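[1] Curious how this folds, go ahead:
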Amino acid sequence: MDYKNVFEKVNVKEGFIKTQTRPPVSDGDKAALNRKGNVLFNAGDVEGARRIFLTTGYSDGLSRVGDFYKLEGRELDALRMYWIAPDRRKADPIIEKLAGVVRGLLAEDADAS
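    Model (predicted):
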């Protein structure tokens, strides 16, 4: 895809345009960034660690951020981290819970009709 042409069509004065591609990072830089992300995570800067892990695609780090979010009651944020990781073992129970909620809402809607 020719991103230059796509960006020319969008009138953006400020901000960023989200793309699905990760910036190119060398293996050495990736390892150093992951270590930095681990230090931030262990120091309690989960959001800083999350940004690094998203950039590098570090599955274990993303899964640990998801675990943190889940403990905080942020299950949708946890699901996002598990999905990106990918960690289906942890994502599937949340997906099942959400499916149950949707089924319940649909049943209520059908009963109300």
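[2] Which of the helices or strands spans Gly48?
    helix 46-56 (DSSP states H and E).
[3] tell me the mean pLDDT over that helix?
    Helix 46-56 carries an average pLDDT of 96.
[4] Give the next helix or strand downstream of it.
    helix 59-71.
[5] What are the buried residues along that next one?
    Gly61, Leu62, Ser63, Arg64, Val65, Gly66, Phe68, Tyr69, Lys70 (16 or more other CB atoms under 10 Å). For the C-beta atoms, the positions are set from N, CA and C on the backbone; glycine is no exception.
[6] again with stretch 32-46
    Leu33, Asn34, Gly37, Asn38, Leu40, Phe41, Val46.
[7] Same question for stretch 77-97.
    77-85, 87, 90-91, 94.
[8] For that stretch, measure first residue to last.
    14 Å (CA to CA, to the nearest Å).
[9] all helices for this protein, in order.
    Ranges of helices within the chain are 3-9, 27-42, 46-56, 59-71, 75-84, 88-112, based on DSSP state H.
[10] mean pLDDT for those helices: which is lowest?
    Ranked by mean pLDDT, those bottom out at helix 3-9, with a mean of 56.
[11] returning to that earlier point: return the member of the buried residues of helix 59-71 nearest to Leu106.
    Each of these was checked against Leu106 using CB to CB; the closest is Lys70, at 25.4 Å.
[12] mind listing what the nearest residue to the closest one once chain neighbours are set aside touches?
    Excluding its sequence neighbours, the residue lying closest to Lys70 (CB to CB, 6 or more residues apart in numbering) is Ala78, at 4.0 Å. Ala78 makes contacts with Gly66, Asp67, Tyr69, Lys70, Lys90, Ile94, as judged by CB atoms under 8 Å, 6 or more residues apart in numbering.
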